[in-house]
Structure formats: structure tokens, C-alpha cells
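J.: Pasting the sequence and the predicted model now:
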Amino acid sequence: MTKETTSFVYVTYILSTPEKVFEAITKPDVARRYWGHENVSDWNPGSEWQHVRANDERTVELVGKVVEIAPPTRLVITWAGASQAADPASYSRVTFAIEEYDTMVRLTVTHDELEAGSGMAKGVKQGWPAVLSSLKSFLETGRGIDLSAKPKSA
């Protein structure tokens, strides 16, 4: 029996260049400034990547492999929680498509092959909008947003 899957697609427009957007995703010292994590890899097809919390503990929270890379317009990686790394069925896929769009960049992030109803699918639905908003703010203003912010009470 195959698992039911779901996908998440997020499109945002950023006043930046494809090179800067690609660098913000793949360079650990840049990603930590808007994501609070570093994406660590040598970024070659087939190579492993790790999503490492940018604090003293340096906890590896996500893992995967580089499926496809074509700087500065495309990156495809597999994605799983570090605690589920040994289970091939736990992996999903993330595609970053970076396109020049007039004087800006259109970034489309597609996270698919997610198990429907899973904790990962729920986390992705909440996490990507905040992370990508922070990326946009960082590239446009030099400052990311507070990813730990909570809604104010009504």
C-alpha cells in the first residue's frame, strides 16, 4: 500500500538577483542570518546536506541529499527529520526554482512527496511561509524576521 502524499507550493517575489537568492539558500553563513539554521553541503549532485541549528549545540535537525543543482536557478533536495534519516519512506523533496522576473526574482518553493497528515507536512505548512518571508526581508532590508514570533492575543 502506498502512502497518501501532499505537497506545498509557495511563490514569492524578491527584490534581489538569482545569484543572491541561491546563495542565501546554500551558504551556511547567509542562511543562519534569516533562518537560524545553516544548510551545509558541498552542493554536488548525490551529496548529503544537513540543516544545522545555528547555536552552540549545532543540532542537525534535517538531512537529505542533493538531487539536482543548477546555480543560480534550480536546486532539488530530499528532506527528512534527522531522527527519521534511516527510513527511506520518510523523505520528501524540496525544489527551489529561481527565475528572473523583470527587476526582481520569482522564487517558487515546491515541497512534495510529503506524507499527508504527518507532523512533517504540518510543520512544512507553517514553516515555509515564515522562513521564506524572512528570506525576502533579509535580502531586501538586510534583516530577517523573528521566526519564533507568536500571534498576539485578540
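T.: Perfect, I can see it now.
J.: which residues sit against stretch 29-48?
T.: 23-26, 28, 49-55, 61, 63-69, 75, 131, 134-135, 137-138, 144-145, 147 (C-beta atoms under 8 Å, 6 or more residues apart in numbering). C-beta coordinates here come from the backbone N, C-alpha and C atoms, glycine included.
J.: what residues does the longest helix anywhere in the chain touch?
T.: Looking across the chain with DSSP state H, the single longest helix is helix 119-141. By C-beta under 8 Å, 6+ apart, the residues outside helix 119-141 that reach it are 6, 8, 10, 12, 14-16, 20-21, 24-25, 33-35, 80-81, 90, 92, 107, 109, 111, 114-115, 143-145, 147.
J.: same deal with stretch 87-103?
T.: 3, 13, 15, 17-18, 21-22, 25, 64, 67, 72-81, 84, 105-115, 120, 124.
J.: out of those residues, which are buried?
T.: Among the contacts of stretch 87-103, the ones that count as buried by 16 or more other C-beta atoms under 10 Å are 17-18, 21-22, 25, 64, 72-73, 75-81, 84, 105-107, 109, 111, 114-115, 120, 124.
J.: who's in contact with residue 55?
T.: residue 36.
J.: so it is in which element?
T.: Using DSSP states H and E, residue 55 sits within no helix or strand.
J.: Give me the local confidence score for residue 152.
T.: At residue 152, the pLDDT value in this model is 84.
J.: and residue 12, backbone torsions?
T.: With angles defined as degrees, to the nearest 10, residue 12 sits at phi -140, psi 150.
J.: With that, I have no additional questions.
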